[in-house]
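>>> Sequence and predicted model, in that order:
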Amino acid sequence: MHDVGINYLVGLPISELHWLLDPFQLFTVPLDDWITRLIEFLVENFRPFFQAIQIPVKWILNVFQDVLTDAPPSLVLIVLSLVAWQLAGAKIGIYCLLTLGFIGFLGSWEEAMVSLSLVLTSLLVCVLLGIPLGVACARSDRIESSLKPLLDAMQTMPVFVYLVPVVMLFGIGEVPGVLATVIYALPPLIRLTNLGIRQVPEDVIEASIAFGATPNQLLLGVQIPLAMPTILAGVNQTVLFALGMSVVTSMIAVPGLGLLVLRGLGNLDVGMAAVGGISILGMAILLDRITQAAGQSQSISDQHRRPMGLVRQWFAPAKRKGLAKTT
């Protein structure tokens, strides 16, 4: 029987044996056509919906850009350094002052502020979406198992793949760049929010329930505060992912430091590309240090040495004098 099968195959002409050597020529799945038709269907029938999505994102982006780009650079530099000091300590505040000042003297201040506004907008959208989704995953294993394949795909799919459907659905410019960034930077925040809430000790939850805490009180007063370091680690990853997308989104006409790098590469201008790359590096280190320090606990004495603590100490004597006069 074995010999009969071999003789049959040997007796077949080469044209009929070809499908055995290359079976993929017999049939191919037209996935590219299906996806193209789906995107075209969405564009034709849901264009107003996708345009409506851009309205709140555009408004948030305009607020950040108006504050960061229209205000005098020296004022923005001082305010951002004070914010960094408040969130991460005096050393990071000084580092913020030196880093942003160095970026300004490189001639890329405006591009840096545009990139910062894009990162902050993407971060805000990710927080508004990611934390509720992470809480939902922590409360329901079914939701977690449903979202896990989607999050895996969002994190592993090449970022350039996001640009084609985003451009077809939303066009080109800053808002589509923000939306593409959100798709790429959202999964870490969802995963770490879910992880942080699930790691809250069971005895703490049982004690809170025993004292009559409602589900909302348990979530807002116990679970989220205890999970905050893990959630802020997700915020840290989201910020870095968003800044890392700046060069990719520059391909769809998103301004900022990424566009500076892209122009340098296109014109073979090594200096311009280096200025953009160094500026991105400085901002990445700065944002990483700020978000890392924000997730760490602060001592009372350390809080008193930060801007808000110094302001309270400054006004405390006057407040005590006012109370003494009234009594």
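Looks like it came in fine.
>>> chain center to stretch 87-100: distance?
Computed by CA atoms, centre = their mean, to the nearest Å, the chain-centroid distance of stretch 87-100 equals 22 Å.
>>> I misspoke; the intended subject was stretch 48-59.
Mean-position distance between stretch 48-59 and its chain equals 19 Å (CA atoms, centre = their mean).
>>> ok, residues contacting it?
Stretch 48-59 is contacted from outside by 42, 121, 125, 169-170, 174-176, 178-179, using CB atoms under 8 Å, 6 or more residues apart in numbering. From N, CA and C alone the C-beta is placed, and that goes for glycine too.
>>> Go through these and say which is closest to A233.
Comparing the contacts of stretch 48-59 against A233 with CB to CB places V125 closest, at 18.8 Å.
>>> Tell me how many other residues crowd the closest one.
V125 has 22 neighbours, counted by other CB atoms under 10 Å.
>>> Skip the chain neighbours and tell me the closest residue to it.
Closest residue to V125 apart from its sequence neighbours, by CB to CB, 6 or more residues apart in numbering: V182 at 5.1 Å.
>>> in what helix or strand does that neighbour lie?
Applying DSSP states H and E as the criterion places V182 in helix 174-198.
>>> Quick one: distance of the helix or strand just after that helix to the chain centre.
Later in the chain than helix 174-198, the nearest helix or strand by DSSP H and E is helix 202-210. Offset of helix 202-210 from its chain centre (CA atoms, centre = their mean): 33 Å.
>>> Run through this protein and note the low-pLDDT ranges.
Within the chain, the ranges that satisfy pLDDT under 70 run 1-21, 295-305, 307-312, 315-327.
>>> Go through it and flag its longest helix.
Longest helix of the chain, by residue count under DSSP state H: helix 31-70.
>>> buried ones in that one?
Burial within helix 31-70, assessed by neighbour count using 16 or more other CB atoms under 10 Å, is assigned to 50, 54, 57, 60-61, 64-65, 68-69.
>>> other SSEs contacting the next helix or strand after it?
Using DSSP H and E, the helix or strand that follows helix 31-70 towards the C-terminus is helix 73-88. Under the contact criterion of 3 or more CB pairs under 8 Å, 6 or more residues apart in numbering; DSSP states H and E, helix 73-88 touches helix 90-105, helix 270-294, helix 307-326.
>>> Helix 90-105 and helix 73-88, what's the angle between them?
150 degrees (axes from the mean of the first three to the mean of the last three CA atoms, to 10 degrees).
>>> Could I get the CA-only coordinates of helix 73-88 as CSV?
Only the C-alpha atoms of helix 73-88 are listed here, as CSV (Å, rounded to 0.1, in the frame of the first residue of the first chain):
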residue,chain,number,x,y,z
PRO,A,73,8.8,81.1,28.6
SER,A,74,10.4,82.3,31.8
LEU,A,75,7.0,82.2,33.6
VAL,A,76,6.3,78.7,32.3
LEU,A,77,9.8,77.6,33.3
ILE,A,78,9.3,78.8,36.9
VAL,A,79,5.8,77.4,37.3
LEU,A,80,6.8,74.0,35.9
SER,A,81,9.9,73.9,38.2
LEU,A,82,7.7,74.7,41.2
VAL,A,83,5.3,71.9,40.2
ALA,A,84,8.1,69.5,39.9
TRP,A,85,9.4,70.6,43.3
GLN,A,86,6.0,70.1,44.8
LEU,A,87,5.5,66.6,43.3
ALA,A,88,9.1,65.2,43.4
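>>> Not counting its own residues, what contacts it?
With CB under 8 Å, 6+ apart as the test, helix 73-88 has contacts from 67-68, 92-97, 100-101, 104, 109, 113, 286, 289-290, 292-294, 306-308.
>>> Sort out which residues of it are buried, please.
Neighbour counts over helix 73-88 (16+ other CB under 10 Å) mark 73, 76-77, 80-82, 84-88 as buried.
>>> now, among these, which is nearest to L151?
Of the buried residues of helix 73-88, the one sitting nearest to L151 (CB to CB) turns out to be L87, at 27.9 Å.
>>> Can you list the buried residues in the helix or strand hosting A153?
Per DSSP H and E, A153 falls inside helix 141-156. Across helix 141-156, burial judged by 16+ other CB under 10 Å covers 144, 147, 151, 154.
>>> Then stretch 188-204?
Residues of stretch 188-204 classed as buried by neighbour count (16+ other CB under 10 Å): 188-197, 200.
>>> Could you dump those residues into a markdown table and include distance to L220?
Conversion of these to a markdown table gives the following (distance: CB to CB, whole Å):
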| residue | distance to L220 |
| --- | --- |
| P188 | 23 |
| L189 | 18 |
| I190 | 19 |
| R191 | 21 |
| L192 | 18 |
| T193 | 14 |
| N194 | 17 |
| L195 | 18 |
| G196 | 14 |
| I197 | 12 |
| V200 | 13 |
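>>> Just give me the closest of these to I280.
Of all those, I280 sits closest to P188, with 19.2 Å by CB to CB.
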